[in-house]
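Chemist: what would the 3D arrangement of this be:
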Amino acid sequence: MPHTILEETCIGCSACERVCPTSAISGEPKDPYYIDHSICIDCSACTFVCPVECIENQDSLLAPKYKKSERPKAVVSPDDCIGCVMCVDACPFDAITMVGATADTESLIDAIALVDPKKCTGCTVCVDSCGWDSIDMNPPLKLDSSFSQLIPDHVPTLPPSPDEQAA
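Modeler: Next up is the predicted model:
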């Protein structure tokens, strides 16, 4: 069962509408918003931003608002990523890009996925699209010590394609 907005509590701020990756949420400012259950994917991105905690999850529980620094974010395991770009194509917020693999990874491929935590809404679409279980959701504060070691200060980029070199 998809998420549901409680009309009697919703203040019509549109925060949920702005983060919904499938545009399942709509309404008019200052009026209650609603979720189209036929396209809601139960990602919970809307619940993270609701200032009045009026969105019930699939278990009919009110989900608490998270501070921006506490919201779950997608994290790619560089050792498990195979560079297939499925997550890049699936991300509705363009929060994932492919970057050159570093010597720190055990990957045998040329590029791995990297999530921009500033763009990631925590919607889990990328997690669901990855057939290799190389993407997990983690609160960003718990990532700092381990995840920062995986990303060099200057993220290497892929060499330009032949088309880009010709231009």
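Chemist: and for Lys118, the neighbour number?
Modeler: Each residue near Lys118 was counted by other Cβ atoms under 10 Å, and the total is 8. (Glycine included, C-beta is placed from N, CA and C.)
Chemist: gap between it and Leu6?
Modeler: Noted for Lys118: a distance of 30 Å to Leu6, by Cβ to Cβ, to the nearest Å.
Chemist: and the helices in this protein?
Modeler: With helices called from DSSP state H, the chain shows them at 15-19, 45-49, 86-90, 125-129, 144-147, 162-166.
Chemist: and these, which one's lowest on average pLDDT?
Modeler: Among the helices of the chain, helix 144-147 carries the lowest mean pLDDT, a mean of 33.
Chemist: where does pLDDT dip in this protein?
Modeler: Low-confidence segments of the chain (pLDDT under 70): 1, 101-109, 139-167.
Chemist: now do the strands in it.
Modeler: Using DSSP state E, the strands of the chain run over 4-5, 25-26, 34-35, 55-56, 73-76, 96-100, 111-115, 135-138.
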